[in-house]
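1. Generate coordinates for the sequence data below:
(one chain, ligands or ions: 1)
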Amino acid sequence: MDNLKQIETQLARMTKVFMDGADPIVIFDLNRRVLDMNHEAERVFGWTRDELLGGTTRHLLPSEFHGLADEVAERLARGETVRNYETAVRTKSGSIVPILVTSFRLTDDVGSPVATAAIAKDITQLKRVNDRLSQRNRELREFANVLAHDLSAPLRTIQGFSDLILQDSKELSPNQREYIELIRQGVERMDRLISDLLDYARIERGEIPTTSIDFNSVLKAALDNLHAAIHKTGAVITSDSLPVANANRTQMVQLLQNLIGNAIKFHGDEPPRIHVRVELSGDEWKFSVADNGIGIDAPNVNKIFDVFYRLHSEEDVPGTGIGLATCKAIVERHGGRIWVSSQVGDGATFHFTIPASNTP
Ligand code: ADP
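-> Numbering: from 1, shown residues only. I've put the predicted structure just below:
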């Protein structure tokens, strides 16, 4: 008797959690007809239980989500849990509510499927903020792009006229020649900054085509581009055998080139020794580029991924401070993360991940 009472109390508690839960929950039978739904589902979707019980909800899905619903149904039939897929519901008043749903089969005592549970999250606010952020980002990138193009024109003029002065004026004093040489160096630096800034702005613009690429050949292309620096410093670069994954080839070459280029540039007394490592960690490829260089002495070491942030002056080590920001934009565009671990005087290791679900 006591047992029965306990079960009843437990059941009442579970029912309350189901009915009053903060997220919409709908239970379907195996023919996709609504068996039950909670208060939050009524509130978000704008339909009462009585209106939906016993019927299907296909007519509530905007037509562009019908294909996805069928695909989810197939995966559920195979016994999979389908997590966090984005879909939408047309409310009774006709508005569209974007939702993030996780669906799974409910089974009986012997494990046979009896129903499907769909737990939804109303992501209207999230989408609104996201859209606003994307819009702001697009505007900022557009601004950086226009600015970089507009700055190029006066720069060409300064460059052209300083060349002319050097060529045409026979009576320039050594001091005057030196001043003009300094102007030309300033122009060159500005030119590098603009070109790096354009590269950075380009990463996030438009669609990036991804294909199945062999990272061994990506590394080879990056090393070919770094040939002069490798030759000059006697750098030795080794690598694990790298995987094949879906990514944008041009951007991956740029990523490895920037990281290995830095590993060479910030070398210590010894010739650079650099190793590219890779391992499968959960559902992502974790790459690392380890060097034996000067390491990084910064309390807030991840600031080096910000645009223009440098720990060295242009006189000590030339650079624009945009290379790592570009790496970060590339990795994040591919759904990965990038970070660094380092001890001063003991080299630096840059890590980045690429989702292995991108693997063909
Ligand atoms: P740049 O190389 O043009 O200065 P980056 O954005 O590529 O710009 O790098 C930012 C800063 O991070 C560098 O100026 C340097 O101080 C530091 N850094 C990057 N890579 C390394 C490395 N492998 N070893 C030591 N310091 C590094």
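
2. Surely residue 116 is in a strand?
-> Yes - assessed with DSSP: H, G, I helix; E, B strand; the rest coil, residue 116 lies in a strand.

3. Contacts only, for it.
-> Shown in contact with residue 116 (CB atoms under 8 Å, 6 or more residues apart in numbering): 27-30, 32, 76, 103-106. Glycine gets a C-beta too; all of them are placed from N, C-alpha and C.

4. ok, and for stretch 308-328, which residues are buried?
-> By 16 or more other CB atoms under 10 Å, the buried positions in stretch 308-328 come out as 310, 319-328.

5. List of residues touching that stretch?
-> Residues outside stretch 308-328 that contact it (CB under 8 Å, 6+ apart) are 189, 192-193, 196-197, 199-200, 203, 254-255, 258-259, 261-262, 265-266, 296-298, 303-307, 338, 350, 352.

6. 7 Å instead, please
-> Under the contact criterion CB atoms under 7 Å, 6 or more residues apart in numbering, stretch 308-328 has outside partners 189, 192-193, 196-197, 199-200, 203, 254-255, 258-259, 262, 265-266, 296, 298, 303-307, 338.

7. What of stretch 104-115?
-> So stretch 104-115 is contacted by 27-30, 35, 76, 79, 81, 116-117 (CB under 7 Å, 6+ apart).

8. from the contacts of stretch 308-328, which would you call buried?
-> 193, 196-197, 199-200, 203, 254-255, 258-259, 262, 265-266, 296, 304-305, 307, 338.

9. What are the contacting residues of stretch 27-41?
-> Counting by CB under 7 Å, 6+ apart, residues outside stretch 27-41 touching it are 18-26, 49, 52-57, 73, 113, 115-118.

10. now do 8 Å
-> Contacts for stretch 27-41 (CB under 8 Å, 6+ apart): 18-26, 49, 52-58, 73, 106, 113-118, 120.

11. after the longest helix that the chain contains comes which helix or strand?
-> If you go by DSSP state H, the chain has its longest helix at helix 124-168. Later in the chain than helix 124-168, the nearest helix or strand by DSSP states H and E is helix 174-203.

12. in the following helix or strand past that following helix, what counts as buried?
-> Heading C-terminal from helix 174-203, the first helix or strand you meet, by DSSP H and E, is strand 211-214. For strand 211-214, the neighbour count (16+ other CB under 10 Å) marks residue 213 as buried.

13. what about strand 211-214, average pLDDT?
-> Mean pLDDT, strand 211-214: 93.

14. same check, this time on stretch 32-40
-> Here the average pLDDT along stretch 32-40 is 95.

15. So for that stretch, what gets flagged as buried?
-> Neighbour count says stretch 32-40 has 34-38, 40 buried, by 16+ other CB under 10 Å.

16. what's the answer for stretch 152-165, then?
-> 155, 159, 162.

17. of all these, which comes closest to the ligand?
-> Minimum distance to the ligand across those is 18.9 Å, recorded for residue 155 (CB to the nearest ligand atom).

18. Distance of that closest one relative to residue 267?
-> Applying CB to CB, to the nearest Å, the value for residue 155 to residue 267 is 31 Å.
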